[in-house]
Structure formats: C-alpha cells, structure tokens
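Peer 1: Would you be able to build a 3D model of this:
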Amino acid sequence: MILYDHTGKAVRLPDERLNHFLYRVVYAGLQDRLQETLREPDLVIQSNWDEQVTLSYRHYSGTRIGDKWLCIVVKHEGEDAFVLTAYPTDRIKEGTLIWKKM
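Peer 2: Sure thing, here's the model as predicted:
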C-alpha cells in the first residue's frame, strides 16, 4: 500500500508492517486515520536517535481509549520511505520539530 506524507512524498506501507501495528490502532479506533495523519499531521518530529526517521503526529479526541495522538514512524532511505510502525500515544517524543500545522 502507498500512502503520502505532508509534502506529497510516497511512503510505502508494507503488509508485514501493517500487520505488526494494526491491533494498536484498531483498539483505539484509528485504523482509518493512517493516511490522514501522514498527509495532514499536526506536527512532524525528526527522531533524536535516527536522523532518517520522522514521527508524524495528529491529535484525535474521543477515541475508544480517550484523547490520543496518533504517531506514524517513517524511515527515509534516499528516495525510499516506508512506515516502521504506528501507535496511539499520550505524549510527543523528543526530537527536532521539522514541520508544524499553522
């Protein structure tokens, strides 16, 4: 499956990665929000531990498990980008802010 980020860049979502994290986002009722979060995030953070990794966050109110941020973790290797994981969270990880919704 191909998704698109906030810059319009194609991001691969391999089936094995989808299966790896799907239960987390289904539990929160956020499975239909993956593309929306990647395409229209509230903010994008560059990882402190891997400069090739970005974390796209979008806040959702009233999920099955309360108000949560959906985080989509993407690895960028040259022209290739692919989803490593996605998960609902209460807080934003530390890193360098590279984009914020106005």
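
Peer 1: could you pull out the helices for the chain?
Peer 2: 15-28, 34-39 (DSSP state H).

Peer 1: weakest of these by average pLDDT?
Peer 2: The weakest mean pLDDT among these belongs to helix 15-28, with a mean of 73.

Peer 1: quick one, what contacts the residue most central in space within the chain?
Peer 2: Central residue of the chain (CA atoms, centre = their mean): Ile72, 1.4 Å from the mean position. Counting by CB atoms under 8 Å, 6 or more residues apart in numbering, Ile72 touches Leu34, Thr37, Leu38, Pro41, Leu55, Ser56, Val83, Thr85, Ala86. Any C-beta I mention is one placed from the backbone N, CA and C, and that applies to glycine too.

Peer 1: are any of the residues you listed buried, and which?
Peer 2: When these are checked for burial by 16 or more other CB atoms under 10 Å, the buried set is Leu34, Thr37, Leu38, Pro41, Leu55, Ser56, Val83, Ala86.

Peer 1: and which of those is nearest to Arg12?
Peer 2: Val83 (7.0 Å; CB to CB).

Peer 1: Leaving aside the residues adjacent along the chain, what's closest to that closest one?
Peer 2: Leu13 (4.8 Å; CB to CB, 6 or more residues apart in numbering).

Peer 1: pLDDT score for that neighbour?
Peer 2: At Leu13, pLDDT is 91.

Peer 1: any idea which helix or strand of this protein has the worst average confidence?
Peer 2: The helix or strand of the chain with the lowest confidence, counting by mean pLDDT, DSSP states H and E, is helix 15-28 at a mean of 73.

Peer 1: show me where this structure has strands.
Peer 2: 2-4, 10-12, 43-47, 53-63, 66-77, 80-89, 95-100 (DSSP state E).
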